[in-house]
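Colleague: Structure of the sequence below:
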Amino acid sequence: GALQEVPVDTEVQKLDPKIAVPVQNCYKVTNGAFTGEISPGKIKDCRARWVVLGHSERRHVFGESDEQIGQKVAHALAELLGVITCIGKKLDAREAGITKKVVFEQTKVIADKVKDWSKVILAYEPVWDIGTGKTATPQKAQEVQKKLQGCLKSNISDVVQSTRITYGGSVTRVTCKELASQPDVDGFLLGGASLKPEFVDINAKQ
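Modeller: Residues are numbered from 1 along each chain as shown. Below you'll find the predicted structure:
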């Protein structure tokens, strides 16, 4: 028989309006023969309004380039989705002392595609510590976040104050308070911690 669509938006409708539901990826074109990909149109059909793009696993496991991520960001924004776009570096970049160079290059490709920054959240991921429990110190997190603000200011100075830059390292109930107190950390992008009871505590301390 014919396949039936499940009304996946039912639970979304029950949420507090202040809570937005994002998805973890979408493709860079409206439709076509791209088996396994999801279009912005389908995301909106599910009543989701945000999408996470450029996550470290998309970059390093699936081989997505900066340019491809920029194209996906542009298409998602054109389709009126909000975008949480991830930037960050692996351990080799950190040890080579080129964190700033890598992160700025990733940011510039994204910035070139954005006109309305109210629909964009940047998430800095120090990839070397994700899932390891070796969270970057709050001071190191603040250092990179502040440099990112400077990068944005030099390119899009008129909106830098309203651009949110979140932190996506191994945030825990123990580390979140001091991280959240840093002036240029505007929130967290949580992975594994979002599936644990401590997620409630982390949100309470932001």
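Colleague: rest of the way, CA atoms for contacts and neighbours
Modeller: Will do.
Colleague: same for the longest helix belonging to the chain, what does it pack against?
Modeller: Of all segments of type helix in the chain, defined using DSSP state H, the longest is helix 138-156. Using 3 or more Cα pairs under 8 Å, 6 or more residues apart in numbering; DSSP states H and E, the elements in contact with helix 138-156 are helix 99-111, helix 176-180.
Colleague: Pick out the shakiest of those, pLDDT-wise.
Modeller: The stretch with the lowest mean pLDDT among the helices and strands packed on helix 138-156 is helix 99-111, at a mean of 80.
Colleague: and the angle for that helix with helix 138-156?
Modeller: Computed by axes from the mean of the first three to the mean of the last three Cα atoms, to 10 degrees, the angle separating helix 99-111 from helix 138-156 equals 40 degrees.
Colleague: shift numbering so it begins at 217
Modeller: All set: I'll call the first residue 217, so the last point we hit is now helix 315-327.
Colleague: mind listing the helices in the protein by residue range?
Modeller: Counting by DSSP H, one finds helices in the chain at the ranges 226-229, 256-261, 272-276, 282-294, 307-311, 315-327, 354-372, 392-396, 414-421.
Colleague: which residues sit against the longest helix of the chain?
Modeller: 316, 320, 340, 375-376, 381, 383, 394-395, 398-401 (Cα atoms under 8 Å, 6 or more residues apart in numbering).
Colleague: taking the mean pLDDT, what do you get for it?
Modeller: What helix 354-372 shows for mean pLDDT is 80.
Colleague: export that helix as PDB, just CAs?
Modeller: What follows is helix 354-372, C-alpha atoms only, in PDB (Å, rounded to 0.1, in the frame of the first residue of the first chain):
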ATOM      1  CA  PRO A 354      36.600  29.500  30.300                       C
ATOM      2  CA  GLN A 355      39.400  31.900  29.600                       C
ATOM      3  CA  LYS A 356      40.400  30.200  26.400                       C
ATOM      4  CA  ALA A 357      36.800  30.000  25.300                       C
ATOM      5  CA  GLN A 358      36.400  33.700  26.000                       C
ATOM      6  CA  GLU A 359      39.600  34.500  24.100                       C
ATOM      7  CA  VAL A 360      38.300  32.800  20.900                       C
ATOM      8  CA  GLN A 361      34.800  34.200  21.300                       C
ATOM      9  CA  LYS A 362      36.200  37.700  21.600                       C
ATOM     10  CA  LYS A 363      38.300  37.300  18.500                       C
ATOM     11  CA  LEU A 364      35.300  36.100  16.600                       C
ATOM     12  CA  GLN A 365      33.400  39.200  17.700                       C
ATOM     13  CA  GLY A 366      36.400  41.200  16.300                       C
ATOM     14  CA  CYS A 367      36.300  39.300  13.100                       C
ATOM     15  CA  LEU A 368      32.600  40.100  12.700                       C
ATOM     16  CA  LYS A 369      33.100  43.700  13.600                       C
ATOM     17  CA  SER A 370      35.600  44.200  10.900                       C
ATOM     18  CA  ASN A 371      33.200  42.700   8.300                       C
ATOM     19  CA  ILE A 372      29.700  43.600   9.500                       C
END
